[in-house]
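J.: how would this look folded up:
(chains A and B)
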Protein chains: 2
Amino acid sequence: MAKAGHPVSPLAPAAFPDLPVIDGVEFASAAAGVKYQGRTDVTLIRIAEGAQIAGAFTKSSTRAACVLDNQAKLAMGGSADQGAAIIVNSGNANAFTGARGQESVNAVTGAVASELGIPAAHVFSSSTGVIGEPLPHERIVKVIGDLARRLDRAGAADAARAIMTTDTFPKGASATVAGEGGEIRIAGIAKGSGMIAPDMATMLVYIFTDARIPAGLLQQALDGGLGSSFNAITVDSDTSTSDALILAATGRSAAAGITSLESPVGQAFAEALHRVMRELAHLVVRDGEGATKFVEIRVTGAASDADARKVARAIADSPLVKTAIAGEDANWGRIVMAVGKSGASADRDRLTICFGDMILAENGWRAEGYDEGRASAYMKNQELLISVDLGLGEGAQTMWTCDLTHGYIDINADYRS
Amino acid sequence: MAKAGHPVSPLAPAAFPDLPVIDGVEFASAAAGVKYQGRTDVTLIRIAEGAQIAGAFTKSSTRAACVLDNQAKLAMGGSADQGAAIIVNSGNANAFTGARGQESVNAVTGAVASELGIPAAHVFSSSTGVIGEPLPHERIVKVIGDLARRLDRAGAADAARAIMTTDTFPKGASATVAGEGGEIRIAGIAKGSGMIAPDMATMLVYIFTDARIPAGLLQQALDGGLGSSFNAITVDSDTSTSDALILAATGRSAAAGITSLESPVGQAFAEALHRVMRELAHLVVRDGEGATKFVEIRVTGAASDADARKVARAIADSPLVKTAIAGEDANWGRIVMAVGKSGASADRDRLTICFGDMILAENGWRAEGYDEGRASAYMKNQELLISVDLGLGEGAQTMWTCDLTHGYIDINADYRS
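T.: Have a look, this model is predicted:
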């Protein structure tokens, strides 16, 4: 649901995908009027007994109360023998709300726990929206009974809508893995559009699977995918106080349990999970505030992976690079600038810059056969690939970003009003 | 001179200041057609025999050829016994132009050296404009004879105009110090509008003084002022490949020579120099691309100065903070976000955020007596002060920035065309 005046991103997929039902996971959404009117803004997710939970969270030092609460709960163990739940609201981030923030988390998660008969230690929560305003948690508590009665295995699409803030389309992705004795299904939803930077750049992501896998392995599989998904996207270099990814495995698949990520099925599961994570991360970029271009930045040949990451991020976050892309200007000089400011080791005379399969610059100089007309024509594509090879070593990192347009200013100069 | 469609910044001063003549410094400007048509784009500055030179340059690893050349020349010593010169062009940065970049520098500085009879080792040069296009240096060489004939002590204002790129007004500042036996004068010009980030965020700055002071002390006085001027401003977090500050002292003042920066006159000179540097830096922010607000970010109470700098820069560079300011939205939650992402030590419950003299947030919570109406009214000011106290230690840093508006997108989505 787009805000009035913020049309659906031109980079949106044609439709929300058909997500497979994950046995043991149910959703319900409601309009609680936390802030928005005339739309759903609270989602309850119940996860059946015996589930295993993993998570990843923002590194912000001003994390929201619910993020701190989730981290504390997960630190006590991810085995939810008596089941688990996730309660999410949009419209208010419950961040920088002092001691009252934790009280709101306790009120909401406590109400869910008693309504569903689940230990509060396995009721997770997320809040997303304005920072610094007290959360009217009583409005959320009031709808929990109704939500519990309407829990539905097919409710993921509605949930993807209820958690949106400045998002212009709901986001979902799935994968299926052939296990031993049956299929393993993975389905996830996400929200995110602005305040996206790669220290868990997600805003909110919930991924479910029916795999039978212990919490420790699940966390390991999750951690292994962050670097090529949510930690590899940026919209505006700003890091949210609320970023949270929760991954739950219900163990209801007929397939044999996964006991190692090195086994063929363990590898296939991790790869499928990473694919779902990357797809959700890409959808966040495709809904980047004001985005009109989806851009892959591929850095190779750096002295180290850390250096490659610095260069990729400097390019992906550069307002001058992003406005040039918005203007469909093949201004590769700004890529040179971004490499230079990144702090990574770089040697002008070994640098190669390509747009798509066109070499624009090499050997410290505009490429022979450089064709401005062809480069400009390439910039008209909606999906762009910018490759930079530093010619120094084996370090590599790919990141994804969008352009910086008038739409970003429109959305963010009046978000609270 | 503004580009068509880019009106003069609303933050511009009413007029270019009356700069004092610096005995021993002469300027001439010409229209060489490097790229722009119908305006001056080359400036020659001659500095008399016996001058002392100091400088500061971008830390970019993709520095332009002229920056590398200036650094190499200065490293050999700042005493210009036989005089010095500076030649500057706008319209082309001569950056990432391979070996040909250095050839262009040699051609231009060599032509100036032979025209003026100055060793090439003391002919400095700057180029600013598009990155990655070969510099048509023959157009510059062609006007050097004419420039040399028209050198004029009163040419600083014309020079400030000739070095502009996307700047919408020329920038100058001056100060006078009472020395022993006479006055010491300082006058500077600068250009800069976008690609401004605090690793020598200047684009181009030339400061002249008639002080009698050795090059080593002059460099020390310059270095001492960078942290509170050009290294404390940001427009768009992007670092130029061309940033250069050159400071020349002609020794023509009647005042006694400065032999120490601890002496009263040494202190007064350094303070006056820093004031001129800060004023020029502020003018760059006031001409920040698309800027409509001039914003001071004052961070105190950090665990260290380095932490204070991280927080100040995270706030000053945040697109979400800058768009909120553009929208006159007192969205202090985005300040909390920026503190959180900065990487500096921060404790939510010790953080205090003020706009002007209004406390908006303290003790991890919206301030008692917070008045949204008053905060919103404050945001309508053209000059804003945002103060953040971390409550942890003595670390402090003040930075200056501007808002992020549609104007920035307008200017940068079509800069090359």
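J.: Please, which helix or strand holds residue A:37?
T.: Secondary structure from DSSP states H and E places residue A:37 outside every helix and strand.
J.: So what sits opposite residue A:355 in the bridge?
T.: In this structure, residue A:355 has beta-bridge partners residue A:358, residue A:386, where bridges are defined by DSSP bridges.
J.: Starting from chain B, give me the distance back to it.
T.: When distance is defined by Cβ to the nearest Cβ, to the nearest Å, residue A:355 is 13 Å away from chain B. In short, each C-beta sits where N, CA and C put it, glycine included.
J.: in the stretch 151-300 of chain A, which spans are helices?
T.: For the stretch 151-300 of chain A, the helices defined by DSSP state H, counting those that start in this stretch occupy A:156-162, A:215-226, A:264-286.
J.: Looking at those, spot the one closest to residue B:322.
T.: For these, proximity to residue B:322 was assessed by Cβ to Cβ; helix A:264-286 is nearest, at 20.7 Å.
J.: Would you mind pulling up the elements that the closest one packs against?
T.: Contacts defined by 3 or more Cβ pairs under 8 Å, 6 or more residues apart in numbering or on different chains; DSSP states H and E place helix A:264-286 against strand A:171-179, strand A:182-191, strand A:204-209, helix A:215-226, strand A:233-234, strand A:294-302, strand A:395-402.
J.: between that helix and strand A:182-191, how big is the angle?
T.: Here helix A:264-286 runs at 20 degrees with respect to strand A:182-191, directions being taken by axes from the mean of the first three to the mean of the last three Cα atoms, to 10 degrees.
J.: Can I get helix A:264-286 as CSV, trimmed to CA atoms?
T.: Extracted in CSV, the C-alpha atoms of helix A:264-286 (Å, rounded to 0.1, in the frame of the first residue of the first chain):
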residue,chain,number,x,y,z
PRO,A,264,24.4,-32.5,0.4
VAL,A,265,21.0,-31.6,1.9
GLY,A,266,22.5,-29.3,4.4
GLN,A,267,24.3,-27.5,1.6
ALA,A,268,21.2,-27.4,-0.5
PHE,A,269,19.2,-26.0,2.4
ALA,A,270,21.7,-23.3,3.2
GLU,A,271,21.9,-22.3,-0.5
ALA,A,272,18.1,-22.1,-0.8
LEU,A,273,17.9,-20.1,2.4
HIS,A,274,20.6,-17.7,1.1
ARG,A,275,18.7,-17.4,-2.2
VAL,A,276,15.5,-16.4,-0.3
MET,A,277,17.4,-13.9,1.8
ARG,A,278,19.0,-12.4,-1.3
GLU,A,279,15.7,-12.2,-3.1
LEU,A,280,14.1,-10.4,-0.2
ALA,A,281,17.1,-8.1,0.1
HIS,A,282,16.8,-7.2,-3.6
LEU,A,283,13.1,-6.5,-3.1
VAL,A,284,14.0,-4.0,-0.4
VAL,A,285,16.4,-2.2,-2.9
ARG,A,286,13.7,-2.4,-5.6
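J.: how much does that helix deviate in direction from strand A:294-302?
T.: Using the same axes, to 10 degrees, the interaxial angle of helix A:264-286 with respect to strand A:294-302 works out to 120 degrees.
J.: got the angle between helix A:264-286 and strand A:171-179?
T.: Relative orientation of helix A:264-286 with respect to strand A:171-179: 170 degrees, computed using the same axes, to 10 degrees.
J.: need the strands for the stretch 1-150 of chain A, in chain order.
T.: Counting by DSSP state E, counting those that start in this stretch, the segments of the stretch 1-150 of chain A that form strands are A:25-30, A:42-47, A:51-57, A:79-80, A:84-92, A:123-130.
J.: Minimum distance to residue A:303: which of those strands has it?
T.: strand A:51-57 (27.8 Å).
J.: Please enumerate the strands of the stretch 301-417 of chain A.
T.: Taking DSSP E, counting those that start in this stretch as the criterion, the stretch 301-417 of chain A carries its strands at A:352-355, A:358-362, A:365-366, A:383-389, A:395-402.
J.: which of the helices of the stretch 151-300 of chain A sits most buried?
T.: Mean neighbour counts were taken over those using mean count of other Cβ atoms under 10 Å in any protein chain shown, and the top value, a mean of 24, falls to helix A:156-162.
J.: packing partners for it?
T.: Taking 3+ Cβ pairs under 8 Å, 6+ apart as the contact definition, the neighbouring helices and strands of helix A:156-162 are strand A:25-30, strand A:42-47, strand A:84-92, strand A:171-179, strand A:182-191.
J.: Close to chain B: what parts of the stretch 1-150 of chain A are there?
T.: Applying Cβ under 8 Å from any Cβ of the partner chain, one finds that the stretch 1-150 of chain A approaches chain B through A:58, A:60-63, A:93, A:95-100, A:130-134.
J.: The residues you listed, buried ones only, as a PyMOL selection?
T.: Selection command for PyMOL covering only the buried members of these, criterion 16 or more other Cβ atoms under 10 Å in any protein chain shown:
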select buried, chain A and resi 58+60+61+62+63+93+95+96+97+98+100+130+131+132+133
